[in-house]
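>>> Need a 3D model of the sequence below.
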Amino acid sequence: MQESFKVSAPGKLMLLGEHAVLKGKKALVCAVNRRVSVFCKKRHDRKISISSSLGDFTTELDNIRLKPEFSFVLTALSQQKDQLTTGLELKIESEFTSDLGLGSSAAVTAAVMTAIFVLTGRVLDKTAIFDCCLRTVQQVQGSGSGADLAAGIFGGVLIYQMEPLKIEPLLPVFPISVVYSGRKTPTTTVINLVEEKYQKNKTLFLAIYDLMDQSVPYAKQYIEANDLKALGEIFNINQGLMDAIGVSNSTLAGINYELRRDPGIFGSKISGSGLGDCVVGIGKPERLDFPYPLIPLEISSKGIVVE
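Alright, predicted model coming up:
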């Protein structure tokens, strides 16, 4: 086994089915061309050493202390420590911040878990890695659909369903434009707000989630036909559904309408849990005076990579 190696995993964008995916509905998610890298070096003692932009931390493999900044990394290591025979050094580098809502926690979890698989000589089976990562994320967060993990591990554009588990790759990729709204409301906060509304109007919310679910096969059809105009219309419809469950705001609405005013954009919607995060459009703006800064993101076919 190599003494040192690198594992990287991409960030993600939710395209369709936010919130509905937590109720077992289908979602559409994609990997993007910004990545989290974990440089791993085997130690000859029992120490775990972590270094990143969040700081440095050292603990013992046999008695792993949890630190909030590294909760996903340390939980993954704690769950797998019986498989590890030595300590390790981890250096974590990211091409994006957690503020953008691109799934940094899922990406670092996928990269670290893959590193553990390499260190323990296991076959790099992506489904097995996904299962281990989902246990990690759910232990840390208390919940989680796994859609962002699927994108980070498998790459590309995926139809994802939590129960029963479905991870279906789609081809081809298509052009996107992404605008950050300038703020992020924590995902768990938004989920709790939506769940409160859901409990008060369960029948109506289930009908909305069914519409989100039904949108995914249409999106698949239009992606495979490279019909960006029809795909954009699906995005516009789903922006209305996101508004209906209460996760839009004036800033997000303004970004959506500015994107749709551009002749190069075929449709747009919130990407992520909402009340912040990003808006994603289908296509590329043609206006030279587009009023919002675009994040240079593309859909990436690459999932986890070991070097």
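
>>> Quick one: mean pLDDT over the longest helix along the chain.
Ranked by number of residues, the top helix in the chain under DSSP state H is helix 202-224. Averaged across helix 202-224, pLDDT comes to 98.

>>> buried ones in it?
If you call a residue buried by 16 or more other C-beta atoms under 10 Å, then helix 202-224 has these buried ones: Phe205, Ile208, Tyr209, Leu211, Met212, Asp213, Ser215, Val216, Ala219, Lys220, Tyr222, Ile223. All C-beta atoms are positioned from the backbone trio N, CA, C, and that covers glycine.

>>> for this structure, which strand is longest?
If you go by DSSP state E, the chain has its longest strand at strand 27-42.

>>> Quick check: buried residues in whatever helix or strand comes next after it?
Sequence-wise, the next helix or strand downstream of strand 27-42 (DSSP states H and E) is strand 47-52. The neighbour-count check on strand 47-52 (16+ other C-beta under 10 Å) flags Ile48, Ser49, Ile50, Ser52 as buried.

>>> Now do the helices in the stretch 51-200 of the chain.
71-80, 104-119, 126-141, 147-154, 187-200 (DSSP state H, counting those that start in this stretch).

>>> Deepest-packed of the ones you listed, please.
helix 147-154 (a mean of 30; mean count of other C-beta atoms under 10 Å).

>>> mind putting the buried residues of strand 47-52 in a markdown table, distance to Ile191 and pLDDT included?
Below are the buried residues of strand 47-52 laid out as a markdown table (distance: C-beta to C-beta, whole Å; pLDDT from 0 to 100):
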| residue | distance to Ile191 | pLDDT |
| --- | --- | --- |
| Ile48 | 31 | 97 |
| Ser49 | 34 | 97 |
| Ile50 | 28 | 98 |
| Ser52 | 26 | 96 |
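
>>> Can you pull up the most central residue in the protein?
Asp148 (3.0 Å; C-alpha atoms, centre = their mean).

>>> and that one, what is it in contact with?
Lys12, Met14, Val29, Gly103, Ser105, Ala106, Ala107 (C-beta atoms under 8 Å, 6 or more residues apart in numbering).

>>> Could you do Asp213 as well?
Gly17, Ala20, Lys25, Lys26.

>>> any idea how far it is from His19?
Noted for Asp213: a distance of 11 Å to His19, by C-beta to C-beta, to the nearest Å.

>>> Would you mind listing the residues touching both of the two?
Contacts common to Asp213 and His19, judged by C-beta under 8 Å, 6+ apart, are absent.

>>> For Ile295, grab the count of nearby residues.
Using other C-beta atoms under 10 Å, Ile295 has 17 neighbouring residues.

>>> Low-confidence ranges, the stretch 1-150 of the chain, go.
1-2 (pLDDT under 70).

>>> what helix or strand does Met242 sit in?
Using DSSP H and E, Met242 falls in helix 228-244.

>>> ok, residues contacting that helix?
Contacts for helix 228-244 (C-beta under 8 Å, 6+ apart): 15-16, 18, 174-175, 208, 211-212, 215, 218-219, 222-223, 248, 253, 256, 260, 265-270, 274, 280-283.
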